[in-house]
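# with the input below, show me the fold.
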Amino acid sequence: MTVAWNDSTPIYRQLRDRVVAMILDGVLKQGDALPSVRQVAADFQINPITVSKAYQELVDENLVEKRRGLGMYVTDGARKALLQSERDRFLSEEWPALYTRLQRLGLDLAELMAEAAKHGQEGRS
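Down below sits the predicted model:
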């Protein structure tokens with residue numbers, strides 16, 4: 001399996017972000033096991049230490065837990081915590097610039113919703 005890694009962000013961070021996306025998308029649910037460090041390293045052809053570093057960040061954020069001899073598992077409430085932190089981050093970091101750009105372009109909510117409906121995006125969450 002080959003993956004195009006972004007050169008501007010460390011691979012361990014990109015791997016961490018992939019796991020976060022899988023939790024947010026419901027691919028990984030609370031109690032689910034993460035693939036082993038060796039398996040991920042082999043699949044993506046990366047150093048196991050890189051995978052361990054990504055997994056350790058997830059542990060530090062209380063999104064996954066180590067179970068001695070069993071592996072890593074998604075913690076209870078991980079998705080809820082991620083949703084809250086990602087929403088907060090979006091509203092504080094991304095939304096102000098997006099809102100400014102929308103205003104600059106003269107776009108309003110009704111226009112955006114109509115455009116979303118044309119592309120089948122309305123109602124997605």
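
# tell me how far the lowest-mean-pLDDT helix or strand in the chain is from the chain's mean position?
The weakest-scoring helix or strand in the chain, judged by mean pLDDT, DSSP states H and E, is helix 109-118 (a mean of 91). The chain centroid and the centroid of helix 109-118 are separated by 26 Å under C-alpha atoms, centre = their mean, to the nearest Å.

# also stretch 47-66?
Centroid separation between stretch 47-66 and its chain, computed with C-alpha atoms, centre = their mean, is 14 Å.

# go on, stretch 110-122?
That offset, for stretch 110-122, works out to 25 Å (C-alpha atoms, centre = their mean).

# what of stretch 56-71?
16 Å.

# start to end distance for that stretch?
Start to finish, the residues bounding stretch 56-71 are 12 Å apart (C-alpha to C-alpha, to the nearest Å).

# state the mean pLDDT of it.
For stretch 56-71, mean pLDDT rounds to 95.

# can you list the buried residues in that stretch?
For stretch 56-71, a neighbour-count test (16 or more other C-beta atoms under 10 Å) marks Glu57, Leu58, Leu63, Val64, Gly71 as buried. All C-beta atoms are positioned from the backbone trio N, CA, C, and that covers glycine.

# ok, Tyr73 touching Glu65?
Yes - shown here, Tyr73 and Glu65 form a contact pair, counting by C-beta atoms under 8 Å, at 5.7 Å.

# can you give the domain ranges for this protein?
11-76, 79-118 (automatic domain parsing).

# and the ones you listed, which is most packed in?
domain 11-76 (a mean of 16; mean count of other C-beta atoms under 10 Å).

# what's the closest non-adjacent residue to Arg16?
Nearest residue to Arg16, sequence neighbours excluded (C-beta to C-beta, 6 or more residues apart in numbering): Ala54, at 4.3 Å.

# if we can go back for a sec, now the domains of the chain in CSV, with distance to Trp5?
Listed next are the domains of the chain as CSV, based on distance: least, C-beta to C-beta, whole Å:
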stretch, distance to Trp5
domain 11-76, 5
domain 79-118, 22
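
# and the helices in this protein, which stretches?
11-24, 37-44, 48-60, 78-89, 95-105, 109-118 (DSSP state H).

# got the ones you listed as CSV, with distance to Gln30 columns?
Output for the helices of the chain, formatted as CSV (distance: least, C-beta to C-beta, whole Å):
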stretch, distance to Gln30
helix 11-24, 9
helix 37-44, 20
helix 48-60, 13
helix 78-89, 6
helix 95-105, 28
helix 109-118, 30
